[in-house]
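# Need coordinates for the below:
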Amino acid sequence: MYLKKIEIAGFKSFADKTTIEFVNGVTAVVGPNGSGKSNITEAIRWVLGEQSAKSLRGGRMNDVIFAGSESRKQLNLAEVTLVLENEDHFLPLDFSEISITRRLHRNGDSEFYLNKQSCRLKDIVDLFMDSGLGKESFSIISQGKVEAIFNSKPEDRRSIFEEAAGVLKYKTRKKKAEQKLFETEDNLNRVQDIVYELEDQIEPLREQSSIAKDYVMQKEQLSEVEIALTVVEVEMLKEKWLANKNQAETLATEISEARQELQTAETTVADLREKRQKMDAQLDESQARLVELVKTYEQTEAQKKVLSERSKNTKENREQFEQSKAKLEVKIQELDQQLADLTKDLTEKQAHERELRGTLAAAEKEQKMFNQNSSVTVESLRDDYVDLMQKQTTLRNEQGYLEKTFLQASQKNMKSDATVRALESDSALAKAKVQEKQLELSTVQKNLATKLLGHQEIQADLQKNRYDLETNEQKMYEALRLMQQAKAKRDSLADLNEDYAGFYQGVKEILKRKREIGGVVGAVAELIDVPKETEVAIDIALGAASQNVVVEDEESGRKGITYLKQKRLGRATFLPLTTIKPRYLPSNVVQTVKGNEGYLGIASQLVRYPEKVATVIENLLGTTIVARDLTSANQIARSIQFKYRVVTLEGDIMNAGGSMTGGASKKGNQGSIFARKNELSNLNQQISSMEATLEAKKIDVRALKQQVKKQELELEELRVLGEKERLKEQQLKNDVELYEEKEKRLTRELKAYTFEFQEAKEETEHYHQRTAEITAEMSEISTEMENINRQIDLISSENDKRTQLQASANQRVHEVTAQLAVAKEQVTSLVKEQKRLEDSLQVEKESLANLVEQLELMINSDGSHQLTKGDLEEKLAEIEVEKTAFEETILAMKEERYTLEERIDEFDRTVAAKNNQQHILLEQRSKAEVAMNRHDVEIENRLGHLSEEYGLSFDFAKVNHVLELSLEDARQKVKLLKRGIEELGSVNLGAIDEFERVNERYSFLTEQRDDLLTAKASLFETMDEMDEEVKKRFSEVFFAIRDKFSIVFPQMFGGGYAELRLTDPEDLLNTGIDIIAQPPGKKLQNLSLLSGGERAFTAIALLFSIIQVRPVPFCILDEVEAALDEANVARFGRYLSRFEGDTQFIVITHRKGTMEEADVLYGVTMQESGISKIVSVRLEEVEEKGLVKG
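Numbering: from 1, shown residues only. This is a model prediction of the structure:
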């Protein structure tokens, strides 16, 4: 058999379907790191059944499916097929070729095929079991497995040898046998438990069968008497029922009359109360309206006050505006007059200028006649002189204008200064008023905030107290509920105590009638108090003696016995105080037991009881020792030679003489008596504590209710005060708003006059500056004119005669020119002044218009205020009238309500009296009806008893069952028969049939138990056989591998010595295996002490030894030689060739020495990123490169 080929599709990096065919010999798969060559090994392991994704270098099994690459999408299916040549039938299948296929879908579905037939994973695993070809066998060897050989513990190394020995199937069979053994033992335990249970049932059933017969006999006698007695009693009850019916009908008539009277009174009261309710609603509505009117009145008063203040301020502002208006009107008149004068002067100056221009033209014409021969120099000098004269005239005119402007600015400055000072004073007063009102407002707001904070704090405290109140009330009601539950339980237990529940019938009857009998002290269980921790021990120690009755003397005991006999009430044991003697432990015994661990005390010393009955308690418990547990009890009993009884807290007993009693049992009535007493005592204590707690909670609730009420009143007071403060706050806000508006207006006016004052001041400064400049310029011009005159005089002295006429003409031109320049300058100055006056006039007119507009607004506002104030005064009068009317109405309504309340009280008393009368009548009728119902129930019960118990109708029983005894004797006989039946206890009438059924089942289960015991023994025998076979096979294979390893090691290393040793030769089933190796030139040492390469080579030598001892058809080596140096790789390759013809090798490698020994080479590349491809390698090309042998 050999591996023929493998087909891979979609597995890890093999995205495309890839087929690799293998031949006998050595096939090497080569390729660079990361090319995917190791994925071939993992594909083989996967198809052989590998289930661990981690072993396949994945996080989950879906990771083996191609996950996609840069150019390829992920696939949804991975499939690997392994084809094996099986002509020698190495695998136990009747096929010469076997194909194994495994598929995995991305949704997690798996498919397995054997020769293209669907199969299970288990079928594939079983096929290769112990063949050496499994997924974890030594036929697939990776570098990790080599490392595992030399790194693992000796015990873990054993699995390789077990695989080689082929014992896995035996170990698997043993594991199944162990599982089957476990199931068998489980079944056996369950059957045994049922058998034990049935054994406990058989004897009681036999006893119940006997009791049932006695029960049937007494039941028949009881039926005969009880039926006749029931007939008589039903007749008597019918007579009583009729008498009660007549009484109820009479009372019903009286009740109807009383109800009619009550209804009339209640209707009257209801009408009066409805009237009162309506009156209360009207009164509440009127009072609410009165409060609303008072609030409206206060708000209206506040509004009136605000309007008065605003009207006053408006009046003051109006007066100031009137004054300002008058000033502006005067100023505008002055400006109009100045502008008119200026316009007239300008007209005259412009006419004068035109006249001078004509004169100048004539003078220049005359001058031209004389100046034709004048020199250019003189003409130039004269032109300069004229220019200077014009400048001088201009400066003089400007100086005159500045003087006039200065006078006007000075006057304006004085007026503006006075106005600014007045406005500053008014503004300061307004600002002070604003600050004053703001301060008052701040104080009010602080007070309001304080009250609000106080309101919030009280509100928070109130909410907390309300929550605490609700919580405490809930706790109080919960405490009340728990206390009521405890009281109900206590009362129930007290009722049980009073009824002597748990006591035997005879004891119960004696205790109920102890006064009648006389001399009865009580039952032992009544007379002692047992701590809870020793309840079980004392209960077991006393046993039935806990219900023994303690009596004063023997005579009392005899009376009790006689009473029980006469009444057939059962039996009881009596303990006369005059005859019972105490029993004590010897002092030496006490000293001995005290020294033992777990000793708790003498039973009689661990309970409390009256001194009167001390002798009885010492007699019953004085020689009983109490121990903590059975171990302690055993030690104590042994220390006193088993002479006295020892009881444990769990109820186990070391009896005198050495016998032991114990186990699990249900607690009987005797134990419940002590538990009930302790529980009743505890409940009384709890109830006392609960009552104290409840009272404390009630006090807390009352205190919280008072606190809540107090805080609610405080909140209401704060609310009223807050409303007042808010009204005051709103009034102050209005005042602040009023004064702030006044301050803003004054600020605007102040700003305007301040600007005017500043402008005048700037004009004054400009006058002084410009006057100085003009004076300096005129001085310079005078100097220049003098120089020009001197030059002209020098030039003209030579031509005096000739130029006299010319001079005269020139003088004329000069004069006219100068006059014209002055006239031009005057006109220009006047035009400028005219423009300035017009601008000033426009500004003043605009100011006057704004002032008039504001004044009109004030007049309108004042009129509106006056109108609103009148409305408010009228509204106040109306409110006062309405308020007075409501006060009078409320007073009248209160008086009427008081009268109505008196009538309601009167009728309430009448209703109460009628109710009381009706209640008495109803109670009487109720008693009659209850009696009727009781008789009905009793009749129904008796009739039902006849029907259900005996299947008889009343008429039939009346005819066929006649009472032959007196009524009293019949009742006594029924009582005795019932008591006799009761003493029989619970009777199982089907006990015989049940006994036969249980006995039959018991026999069947006993046979089943025997069969299971036989099967258990057989499984043990099979497991022993498996162990022997495993030991035999393991031993044979181990020693064979050991011998082969001692040969292979020196062959591979070229010398040296190695051996395998068992860590525990006596335990072949679990022994580990040590590897001892001595490479050439080194000392003998454990494998773990060798170098990494030596350890790897040693492990490979061991694997080759195993293959030689247990040959396998093929072996896959995945880079097992990676850790070897080149020399050892060459040795590895040469040794590999020795197996040619015996074992087929598929080697995943990248070492040259290994490739040289290969018969076939396959290359794995990633021509496309992330996708592995198989490339055939031509051996000729490889040979040329010296990579393989020729």
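
# tell me the mean pLDDT for whichever strand or helix holds residue 1031?
Using DSSP states H and E, the element containing residue 1031 is helix 991-1053. Per-residue pLDDT over helix 991-1053 has a mean of 80.

# what's the spacing between it and its chain's center?
Distance, stretch centre to chain centre, for helix 991-1053: 56 Å (C-alpha atoms, centre = their mean, to the nearest Å).

# when you give positions from now on, start the count at 534
New numbering, starting at 534: the last item is helix 1524-1586.

# Give the pairing partners of the helix or strand just after that helix; include direction for each.
On the C-terminal side of helix 1524-1586, the closest following helix or strand by DSSP H and E is strand 1590-1595. Strand 1590-1595 has the following strand partners under DSSP bridges: strand 1606-1611 (antiparallel).

# neighbouring contacts of the partner strand?
682-683, 687, 690-691, 694, 1571, 1582, 1589-1596, 1617-1620, 1623, 1627, 1631, 1635 (C-beta atoms under 8 Å, 6 or more residues apart in numbering). Glycine gets a C-beta too; all of them are placed from N, C-alpha and C.

# mind running it again at 6 Å?
Identification of contacts with strand 1606-1611 by C-beta atoms under 6 Å, 6 or more residues apart in numbering yields 687, 690-691, 1589-1594, 1596, 1617, 1620, 1631.

# Residue 1046 - nearest residue in space that isn't next to it in sequence?
residue 1096 (7.2 Å; C-beta to C-beta, 6 or more residues apart in numbering).

# So the one you found: helix, strand or coil?
helix (DSSP: H, G, I helix; E, B strand; the rest coil).

# what does the model give it for pLDDT?
For residue 1096, the predicted pLDDT is 88.

# What residue spans form the domains of the protein?
Here the domain parsing of the chain from automatic domain parsing is 534-672+1647-1723, 1052-1212.

# what's the closest of the ones you listed to residue 1317?
Judged by C-beta to C-beta, the one of the domains of the chain that comes nearest to residue 1317 is domain 534-672+1647-1723, at 100.5 Å.

# you'd agree residue 549 is in a strand?
No - secondary structure of residue 549 (three-state DSSP): coil, not part of a strand.

# okay, now it: neighbour count?
15 (other C-beta atoms under 10 Å).

# distance of it from residue 977?
According to C-beta to C-beta, to the nearest Å, residue 549 and residue 977 sit 93 Å apart.

# Residue 1694 in helix, strand or coil?
strand.

# make that residue 1159, sorry
strand.

# Is it bridged to anything, and to what?
Counting by DSSP bridges, the residues bridging with residue 1159 are residue 1134, residue 1180.

# pLDDT score for it?
95.

# Next up, the contacts around it.
1070, 1133, 1134, 1136, 1139, 1180.

# what is the mean pLDDT for the lengthiest helix in the chain?
Identified as the longest helix of the chain according to DSSP state H is helix 701-903. The average pLDDT within helix 701-903 is 74.

# ok now it, how far from the chain's centre?
That offset, for helix 701-903, works out to 27 Å (C-alpha atoms, centre = their mean).

# One more: stretch 595-614?
44 Å.

# what does it rub up against?
Counting by C-beta under 6 Å, 6+ apart, 540-545, 548, 576, 580, 589, 632, 634-639, 1702-1703 sit against stretch 595-614.

# and those, which of them are in strands?
540, 541, 542, 632, 634, 635, 636, 637, 638 (DSSP state E).

# How much space separates the spatially closest residue to residue 1116 that is not a sequence neighbour from residue 1168?
Nearest residue to residue 1116, sequence neighbours excluded (C-beta to C-beta, 6+ apart): residue 1155, at 4.4 Å. According to C-beta to C-beta, residue 1155 stands 22 Å off from residue 1168.

# Can you give me the neighbour number for the nearest residue to residue 785 once chain neighbours are set aside?
The spatially closest residue to residue 785, leaving aside those adjacent along the chain, is residue 1458, at 6.2 Å (C-beta to C-beta, 6+ apart). Using other C-beta under 10 Å, residue 1458 has 18 neighbouring residues.
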